[in-house]
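What follows is a protein structure lacking sequence information:
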């Protein structure tokens, strides 16, 4: 099953893509069998991003392991922390105050928007459209600034802990989020214009369909 | 179905099964030798229809290993957790990858990190560890003098 890099008997080429590769967005190791430019067979080798978080957390306390879980899916740190904090709370039957629950959901949803922005920007960039990347990151920066004011960090916000949240919301939070949402409604239309009707994107979309 | 109803439905399928008390989802302590039979019935029974295995892990209680299956039904939205207690020295259990296809990858991971052998698995080999790795990392007695693990 494991292919060795080289040439097969029919003249097909077996090469590695990754693990370090500028377009794989992180470490991904694929061993592909190529005939010309057509990929005949792909064999992924997984595990390069395994950071043995489970083993590390075995020797940390329930308060300390939040800092490790922020980094699991580093685009959406709040959501990871929320999930892990919920797990501990359910096991120990701790009740979280209602205000903290609402704050958690607000932060989660903002993080979801930020994460999807990055996905969309990076996907468009992979397809060759470099402009949407900057638009996406401009919105993501706005969200990161809001987070920075309340949580103190822009990427790995260790804000949600077993029992509630670390600090109360900053007084500016409400106004900034409302302003952001007003802005965002306009931006969604802009994104649509950039990509969806674009002739290059739709041609590439057709070309990438599985020929079967 | 509520936990009580699930319990009454599952007891005849797996005679001698114990249940854990006071858990959010019904937890069945199954016998590893009868697991394949119970799994098939959990999937195919009309009122149970557990068609989604959403988690398959293993826990190392220092005296034994325990393989844990989290099942849910997309039709009825009820959940059940099945725990199978395995001997530490020779942990073996039947595979369920022919019942729930997602188990193929999860069982490979448990195989390489804990050392549990899944009988009749279609392709039991290492998933994330390099080929020359020795030992079972997630067991509690795993020591690695080169890379510090205990913080």
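Arrived safely. Note that this is a predicted model, so its numbers are computed, not measured. Numbering: from 1, shown residues only, chains lettered A, B, ... in the order given.

Residue 12: neighbour count?
Went with chain A since none was named. A total of 16 residues lie near residue A:12 under the criterion other CB atoms under 10 Å in any protein chain shown. Any C-beta I mention is one placed from the backbone N, CA and C, and that applies to glycine too.

that answer is for a different chain, and I need it for chain B
Neighbour number of residue B:12 under other CB under 10 Å is 9.

Can you classify it by secondary structure?
Under DSSP: H, G, I helix; E, B strand; the rest coil, residue B:12 falls in the coil class.

what do you get for residue B:68?
strand.

try residue B:65
From three-state DSSP, the assignment for residue B:65 is strand.

Not counting sequence-adjacent ones, nearest residue to it?
residue B:86 (4.6 Å; CB to CB, 6 or more residues apart in numbering or on different chains).

Low-confidence bits of chain A, can you list those?
Residues of chain A meeting the criterion pLDDT under 70: A:1-3, A:207-212.

Chain B contacts on that one?
Residues of chain A lying close to chain B by CB under 8 Å from any CB of the partner chain are A:1, A:46-47, A:50, A:52, A:54-56, A:58-60, A:90.

wait, residue A:173 sits on residue A:151?
No: applying CB atoms under 8 Å, one finds residue A:173 not in contact with residue A:151, separated by 10.3 Å.

who's more crowded, the two?
residue A:151 (21 against 18).

Among the residues of chain A next to chain B, name the ones in strands.
Using DSSP state E, no member of the residues of chain A next to chain B sits in strands.

Turn the residues you listed into a markdown table, including neighbour count.
Shown next, in a markdown table, are the residues of chain A next to chain B (neighbours: other CB atoms under 10 Å in any protein chain shown):
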| residue | neighbour count |
| --- | --- |
| A:1 | 5 |
| A:46 | 15 |
| A:47 | 16 |
| A:50 | 15 |
| A:52 | 15 |
| A:54 | 13 |
| A:55 | 17 |
| A:56 | 15 |
| A:58 | 15 |
| A:59 | 12 |
| A:60 | 13 |
| A:90 | 11 |
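
quick one, strands of the chain?
Going with chain A. Using DSSP E, strands in chain A cover A:6-7, A:13-17, A:29-35, A:38-45, A:160-161, A:164-165.

My question was about chain B, not that one.
Using DSSP E, strands in chain B cover B:18-19, B:26-30, B:52-61, B:64-72, B:79-86, B:92-94, B:117-119.

which ones are touching the nearest residue to residue A:24 once chain neighbours are set aside?
Closest residue to residue A:24 apart from its sequence neighbours, by CB to CB, 6+ apart: residue A:18 at 5.1 Å. By CB atoms under 8 Å, 6 or more residues apart in numbering or on different chains, the contact list for residue A:18 reads A:24, A:27-30, A:48.

Over to residue A:157?
Here residue A:157 is in contact with A:70, A:77-78, A:81, A:107, A:147, A:151 (CB under 8 Å, 6+ apart).
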